[in-house]
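Colleague: only geometry, no sequence info:
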């Protein structure tokens, strides 16, 4: 029985992947462990006891920072961005299935914001609002700033989806007497629904975690990333680690929920077929 000899490239890639995993999950693991510090524990190792004291402390009045309100703002903003992201990305994907005058220019204008530094976008939107006498707020200026970040990704994803979508399904539906709306609602939409869920999830997570484009556009009230950043210079207890653990678990829960929905939808489609 012969064994294939592993090349140098294999070990280089394995070492690179190991470093990647360490850089990705090492800090998360440290934050997770330190969030279980005892009541008298500090911000660094070693642990001074093990407890869930700081998780309960999250729900108490803090001397600095407002976790609850900033979380609600980030969650609401993420939902707003998610809905608009899904709708506009879907419509753009449908529109770009056919060539129209100015489509190339419109495409490049859409994705141009990806190459512009986020802080410049944030600063520009904040300045424009002030010039027009409008007060920047998380639900207006920050909402627009987040869309400049999430929409290009959503549009690119839907372009890829429709690029692989065979028009034969639609033609078959129309041959059977279905109207354009019935074809879309009963043929196209169920087939692209998992992709739309992915676009929505992507838009929500990008918005929920966005810092740079929120910095100059959120107005008086902070979103959760800004609140956490502001607390790093003032909070001297592991409550910040507890908050990091909770928000990370929340993000993973959203991802698992989306994957579960996609799995259920695919199983239903398989039963129909």
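Modeller: Now that the structure is in, tell me what you want to look at. Because the structure is predicted, anything quoted here is derived from the model rather than measured. Residues are numbered from 1 along each chain as shown.

Colleague: mind listing what's buried in stretch 10-24?
Modeller: Neighbour-count burial for stretch 10-24 flags no residue at all (criterion: 16 or more other CB atoms under 10 Å). Backbone N, C-alpha and C define where each C-beta goes, glycine included.

Colleague: let me see the mean pLDDT of it.
Modeller: Stretch 10-24 carries an average pLDDT of 91.

Colleague: now stretch 186-201
Modeller: pLDDT averaged over stretch 186-201 gives 90.

Colleague: so how many other residues sit close to residue 95?
Modeller: 12 (other CB atoms under 10 Å).

Colleague: run the chain-centre distance for the helix or strand that contains residue 18.
Modeller: Secondary structure assignment for residue 18, by DSSP states H and E: helix 8-34. What separates the centre of helix 8-34 from the centre of its chain is 22 Å, taken as CA atoms, centre = their mean, to the nearest Å.

Colleague: ok, stretch 229-244 next?
Modeller: 22 Å.

Colleague: between the two ends of that stretch, what distance do you get?
Modeller: 11 Å (CA to CA, to the nearest Å).

Colleague: return the set of buried residues in it.
Modeller: Under 16+ other CB under 10 Å, the buried positions of stretch 229-244 are 231, 235, 237, 238, 239, 240, 241, 242, 243, 244.

Colleague: quick check, nearest of those to residue 213?
Modeller: Among these, residue 231 lies closest to residue 213 (CB to CB), at 20.0 Å.

Colleague: correct me, but that closest one touches residue 240?
Modeller: Yes: between residue 231 and residue 240 there is a contact at 5.9 Å, judged by CB atoms under 8 Å.

Colleague: return every residue with contacts to both of those two.
Modeller: Residues touching both residue 231 and residue 240 (CB atoms under 8 Å, 6 or more residues apart in numbering): none.

Colleague: any idea which of the buried residues of stretch 229-244 is closest to residue 168?
Modeller: So of the buried residues of stretch 229-244, ranked by how close each gets to residue 168 (CB to CB), first place is residue 244, at 48.9 Å.
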